[in-house]
Every structure is written in C-alpha cells, then in structure tokens.
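Engineer: any chance you can model this:
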Amino acid sequence: MPLNAVMAWLTYSPEYIHAGAIAWTSFVYLSLFPMFLGFFFWYEGLAIGGIARVSQVQLVQPFCTLVAASVLLGDSLTVMNFIFSMLVVSTVILGKRMLVKRA
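Structural biologist: Below is the predicted model:
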C-alpha cells in the first residue's frame, strides 16, 4: 500500500478525473467484483479441488491472458512469451505427476 500510494501520487494527472463513463464503470467493476465477489468463488474452488491442485492451475492464468490478449486485441506474442509459458506449464505438469502419496 505505501508503494502504491507513492506511485499514484507521482503519476496522478488531473485529466484522470474527466475520464468517460465507460472508463469509470470499468474501474468500479474491476475494483469491486473480482476482489469481493470473486473471493467467495475462489475459496470455494480451493475447498473443492484442494489448495495444491488449484493453486497450480493459477500459475497458468497469466499465459491464458496473453493468448486472450493476442486473439481479442491483436497483441503480438513473442518467442520469449512462448518459451517462458512452456517452461511454467511443464513445471506445473511435472509437479502434478510427482505427487507424494501417503500411506
């Protein structure tokens, strides 16, 4: 929070207040719903699927975001994005296959 407050103070521009209705609606939605409403769904998913398994799936979400940005927004994917994502996904898969079984 202290770092965010300092960075917000340093990068603030009075033009931000005059953003359009779509920008403010998006800001309010992204501030409230994923943080407060998504909280309940996330913890329910952790309870159902197990903390270790579900948290490993969370590691793949940034790469899903990269693909969605590429498809929906026309953003370009680099070779480094692909290599890094394959390394992380393979680590998640390897971790799932090397589960420790209790007696």
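Engineer: walk me through the domains of the chain.
Structural biologist: 1-39, 50-103 (automatic domain parsing).
Engineer: can you give me the helices for the protein?
Structural biologist: 2-11, 21-32, 38-49, 51-58, 61-73, 79-97 (DSSP state H).
Engineer: in the fourth one, what counts as buried?
Structural biologist: Of the residues in helix 51-58, residue 56 count as buried by neighbour count, 16 or more other CB atoms under 10 Å. Where you see a C-beta, it was placed from the backbone N, CA and C, and this is true even at glycine.
Engineer: also compute the angle for that helix relative to helix 38-49, please.
Structural biologist: 120 degrees (axes from the mean of the first three to the mean of the last three CA atoms, to 10 degrees).
Engineer: which elements pack onto helix 51-58?
Structural biologist: Applying 3 or more CB pairs under 8 Å, 6 or more residues apart in numbering; DSSP states H and E, one finds that helix 51-58 contacts helix 38-49, helix 79-97.
Engineer: quick one, phi psi at residue 75?
Structural biologist: phi -70, psi 150 (degrees, to the nearest 10).
Engineer: which stretches of the protein have low pLDDT?
Structural biologist: Across the chain, the ranges flagged by pLDDT under 70 are 103.
Engineer: how about a cut-off of 50?
Structural biologist: Under the criterion pLDDT under 50, no range of the chain is flagged.
Engineer: which non-adjacent residue is nearest residue 77?
Structural biologist: Leaving aside its sequence neighbours, residue 77 sits nearest to residue 70 (CB to CB, 6 or more residues apart in numbering; 5.1 Å).
Engineer: right, and that neighbour touches residue 78 too?
Structural biologist: No - between residue 70 and residue 78 there is no contact under CB atoms under 8 Å: 10.4 Å.
Engineer: higher neighbour count, the two?
Structural biologist: residue 70 (13 against 9; other CB atoms under 10 Å).
Engineer: for residue 60, see how far away that one is.
Structural biologist: Counting by CB to CB, to the nearest Å, the separation of residue 70 from residue 60 is 15 Å.
Engineer: what sits against the closest residue in space to residue 56 that isn't next to it in sequence?
Structural biologist: Closest residue to residue 56 apart from its sequence neighbours, by CB to CB, 6+ apart: residue 92 at 4.9 Å. Contact analysis of residue 92 by CB atoms under 8 Å, 6 or more residues apart in numbering lists 56-57, 59-60.
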